[in-house]
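Engineer: Build me a model:
(2 chains)
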Amino acid sequence: MTNEPMNASRDKILAAITQNQPASVPVPDISFLKGGPEDPEEKFTTVLTTIGGKVLKVKGFDEIKKLLPEHFDTGKRVVTTLAELSDAGQLYAGEPIDPHTMEDIELTITSAHFAVAENGAVWVTEELIKQRVLPFICQHLAVVVNAGSIVPTMHEAYQKIGNTTYGFGTFIAGPSKTADIEQSLVLGAHGPRSMTVFILG
Amino acid sequence: MTNETKDHSALADIFNKDEARVNWHDETLWWIRAKRDKAVHQLPEWEDLRETASRIKHNVLSNMSSYLQQFEANAIANGITVHWAADAKEHNQIVLSLLQKHSVTRMVKSKSMLTEECHLNEYLGENGVDVIDSDLGERIVQLAHEPPSHIVLPCIHKKKEEIGELFHQYLGTPAGNADPQFLTETARHHLRETFLTRRAALTGVNFAIAETGEFVVCTNEGNADMGAHLADVHIASMGFEKIIPERKHLSVFLRLLTRSATGQPITTYSSHFGKPRPGQEMHIVIVDNGRSVQLGREEFRNSLKCIRCGACMNTCPVYRRSGGHSYHNAISGPIGAILAPNLDMEKYADLPFASTLCGSCSNVCPVKIDIHDQLYKWRQVIVKNGYATKTKKAGMQVMTLTLSSPTIYHVGGKAGRWFMKHVPFAVNNKLNPWYKQRDMPEPPKESFGEWYSKNRKKS
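Structural biologist: Okay, here's the model as predicted:
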């Protein structure tokens, strides 16, 4: 499909940029940037708690199942992407659905590839969450992450991500929040009102 | 907007009428600056990060053309449609045509300062498309028919009581309720309905990765994700300077961005959009709108390194006491003052003068833009091009005359001291712009010249 004016602008913009950009300078090496000696799990727990999240250390999925009713309203709609928790809620394995039908989810339980100690974030991709809106549209979010997979900083995080391909991936650090009204922090802006991370191990 | 005809100092005057509010505004922003410091001081490698980010951005500026083409090719391979817009008008036309193609008359939008720069909302409104801004702060200023006053904190100038009144008027909350928790909950319900019913969503772009063709959008509220993941059509608008070379470079920028902005270690959501969702259309509009010209201005091109954290605004003594609207430009504060004259030197001739040149902006900038140097350089360019204000020109001419003639200099100095001592009201009045918000100093009894000639004879 050709669209003359669009291509004309493209060529015009690129020509102007080529003419005006300065002489090439090299891209710096960033491999020297890395985390310190702090214990990643301890740091992750402190940071996520500080930014409004909750951390629960568990031995296995049975323990998670036991904890769920204590922490969430499991009488409402619970959706999980984890086969291990299929008796704790509806298992969503990625079958094609209209994402709008997820609007009434009280609790989403999913897993993360890894977590980041310095900022309390977990890294999830479409492969794990199955439907992009799933960790955003629920009232509460719980994420299971292996204790051994917590990296110190974002540098190690992107080393782990490497050149994997994904349609969508996101770092999630705590509950959705805003401080737009007079800098008063309010948890639960548009996404989950709470975020709980189960550290497995 | 009435702001169009007034300059920064006239608009700052309006803001300064309410002294208590100015103090509150000043203290709020300084508190955010202090939070930034606290976060920064926890990272011993902070200066290494800034230097690295700065150097990555220099590499980007110097290879912009090839990175953009690499990004385009990868994005297209990922199934994203890429558009190019030479200016604001073309950007707006592209967005409208995409919406019209899908018969969309209502769109949800997350934060994008570029669309403010392009005045997209007004344009779409004139063409029958209703836009709802979904960032809470942006929604608030939208209800108030105002532009954002800060790039990260759009309604930082508003008191909660004023927001309560807006919500009462437009969203039906009880009169007099100004509780942030309650108002946010109201907005959550109002905007959730919006997210669920809009077939098109527009987001900004924080970073676009040449290596992979993906783009990253950062929010705390989750509004960009709620909009994009529920919509059939996702349009992402980006200024071309948002490009970075490789995915791994995100580690440097994501560590710097929110620590600089609000003192948070990272935004709640840092979403990487690689491909459209099955059945979804994803579009990227790459916008120039003067950026290629700025890239050619050797002294000012570094302004294109900006990652829009707002740290320079929070720290600026002039911004804190004059408010974002006094800059009459989509991007306010020190960074806005070096970006705006590139777009229209005459219209924004006042902005580089809205600074004390204290250098605090350059000190906090996470990508090491020499902001205060550029402010100083813009002043010279503006005066050379004949865009200085009349009073400034007249003042400069008097100074030129005075400094070039020893006689006038000595007589002038003497006269000045005599006036300040005997008829202080001759200078302490409204006609003297320097006297505004300042007291005139005690005049010295004699000039240094007089003192020197007297004391030299003694020895």
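Engineer: mind checking the longest helix of the chain?
Structural biologist: This is for chain A. helix A:4-20 (DSSP state H).
Engineer: Not quite, go with chain B.
Structural biologist: Longest helix in chain B, counting by DSSP H: helix B:19-40.
Engineer: Give me the contacts around the following helix or strand past that helix.
Structural biologist: Counting by DSSP states H and E, the next helix or strand C-terminal to helix B:19-40 is helix B:46-62. When contacts are defined by C-beta atoms under 8 Å, 6 or more residues apart in numbering or on different chains, helix B:46-62 is touched by residues A:21-28, A:30, A:32-33, B:40, B:43, B:67, B:241, B:243-245, B:249, B:252-253, B:255-256, B:295, B:301-302, B:304-305, B:307, B:365-368. Backbone N, C-alpha and C define where each C-beta goes, glycine included.
Engineer: Is there a quick ChimeraX command that grabs whichever of the residues you listed are buried?
Structural biologist: ChimeraX command restricting those to the buried ones, with burial defined by 16 or more other C-beta atoms under 10 Å in any protein chain shown:
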select /A:21,27,28,30,33 /B:40,43,67,241,243,244,245,249,252,253,255,256,295,301,302,304,305,307,365,366,367,368
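Engineer: show me where chain A has helices.
Structural biologist: So, for chain A - with DSSP H - the helices run A:4-20, A:40-50, A:61-71, A:126-129, A:134-137, A:154-161.
Engineer: And the longest one, what's buried?
Structural biologist: Applying a neighbour-count criterion of 16+ other C-beta under 10 Å, one finds A:Met6, A:Ser9, A:Arg10, A:Ile13, A:Leu14, A:Ala16, A:Ile17, A:Asn20 buried in helix A:4-20.
Engineer: can you list those in a markdown table and add pLDDT?
Structural biologist: Listed next are the buried residues of helix A:4-20 as a markdown table, based on pLDDT from 0 to 100:
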| residue | pLDDT |
| --- | --- |
| A:Met6 | 53 |
| A:Ser9 | 96 |
| A:Arg10 | 97 |
| A:Ile13 | 98 |
| A:Leu14 | 98 |
| A:Ala16 | 98 |
| A:Ile17 | 98 |
| A:Asn20 | 98 |
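Engineer: Of those, which fall within the contact range of chain B?
Structural biologist: A:Met6, A:Ser9, A:Arg10, A:Ile13, A:Leu14, A:Ala16, A:Ile17, A:Asn20 (C-beta under 8 Å from any C-beta of the partner chain).
Engineer: for the closest residue to the fifth one other than its chain neighbours, what are its contacts?
Structural biologist: Spatial nearest neighbour of A:Leu14, excluding adjacent residues (C-beta to C-beta, 6 or more residues apart in numbering or on different chains): B:Ser65 at 5.5 Å. If you count contacts by C-beta under 8 Å, 6+ apart, B:Ser65 has them with A:Leu14, A:Ile17, A:Thr18, A:Gln21.
Engineer: and A:Leu185, what is it in contact with?
Structural biologist: A:Leu185 is in contact with A:Gly52, A:Lys177, A:Thr178, A:Ala179, counting by C-beta under 8 Å, 6+ apart.
Engineer: could these be laid out in CSV, adding distance to A:Thr80 and pLDDT?
Structural biologist: Putting the contacts of A:Leu185 into CSV (distance: C-beta to C-beta, whole Å; pLDDT from 0 to 100) gives the following:
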residue, distance to A:Thr80, pLDDT
A:Gly52, 23, 97
A:Lys177, 24, 97
A:Thr178, 28, 96
A:Ala179, 31, 95
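Engineer: What about residue 29, how many residues nearby?
Structural biologist: Assuming you mean chain A. Neighbourhood size, A:Asp29 [other C-beta atoms under 10 Å in any protein chain shown]: 9.
Engineer: Wait, chain B was what I had in mind.
Structural biologist: Neighbours around B:Leu29, by other C-beta under 10 Å: 26.
Engineer: hang on, it packs against B:Met313?
Structural biologist: Yes: applying C-beta atoms under 8 Å, one finds B:Leu29 in contact with B:Met313, separated by 7.2 Å.
Engineer: any common contacting residues for those two?
Structural biologist: Contact criterion C-beta under 8 Å, 6+ apart; residues shared by B:Leu29 and B:Met313: B:Tyr319.
Engineer: Which residue ranges of the chain form strands?
Structural biologist: If you meant another chain, say so; for now it's chain A. Using DSSP state E, the strands of chain A run over A:54-58, A:78-80, A:90-91, A:107-111, A:114-116, A:121-125, A:140-146, A:150-151, A:168-172, A:177-178, A:186-187, A:194-200.
Engineer: Hmm, no, I was thinking of chain B.
Structural biologist: B:81-85, B:106-109, B:130-133, B:200-203, B:207-209, B:215-219, B:233-239, B:243-244, B:269-273, B:281-287.
Engineer: Now flag whichever of the buried residues of helix A:4-20 is closest to B:Leu351.
Structural biologist: A:Asn20 (22.6 Å; C-beta to C-beta).
Engineer: so what does the helix-or-strand element of chain A with minimal mean pLDDT touch, helix or strand wise?
Structural biologist: Ranked by mean pLDDT, DSSP states H and E, the weakest helix or strand in chain A is helix A:4-20, scoring a mean of 88. Packed against helix A:4-20 by the contact rule (3 or more C-beta pairs under 8 Å, 6 or more residues apart in numbering or on different chains; DSSP states H and E) you find helix B:64-77, strand B:81-85, helix B:88-101, helix B:291-296.
Engineer: and those as JSON lines, adding mean pLDDT?
Structural biologist: Below are these laid out as JSON lines (pLDDT from 0 to 100):
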{"stretch": "helix B:64-77", "mean pLDDT": "98"}
{"stretch": "strand B:81-85", "mean pLDDT": "98"}
{"stretch": "helix B:88-101", "mean pLDDT": "98"}
{"stretch": "helix B:291-296", "mean pLDDT": "98"}
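Engineer: Could I get those in CSV, plus columns for distance to B:Ala175?
Structural biologist: Output for the helices and strands packed on helix A:4-20, formatted as CSV (distance: least, C-beta to C-beta, whole Å):
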stretch, distance to B:Ala175
helix B:64-77, 49
strand B:81-85, 44
helix B:88-101, 36
helix B:291-296, 46
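Engineer: Indicate which one of these is closest to B:Val217.
Structural biologist: Among the helices and strands packed on helix A:4-20, helix B:64-77 sits nearest to B:Val217 (C-beta to C-beta), with 14.4 Å.
Engineer: Would you mark the buried spots in that closest one?
Structural biologist: Burial within helix B:64-77, assessed by neighbour count using 16+ other C-beta under 10 Å, is assigned to B:Met64, B:Ser65, B:Ser66, B:Tyr67, B:Leu68, B:Gln70, B:Phe71, B:Glu72, B:Asn74, B:Ala75.
Engineer: go on, stretch B:377-385?
Structural biologist: B:Lys377, B:Trp378, B:Arg379, B:Val381, B:Ile382.
Engineer: could you list every residue that touches the third one?
Structural biologist: Pointing back at B:Arg379 there. B:Pro352, B:Phe353.
Engineer: Thank you kindly, that will do.
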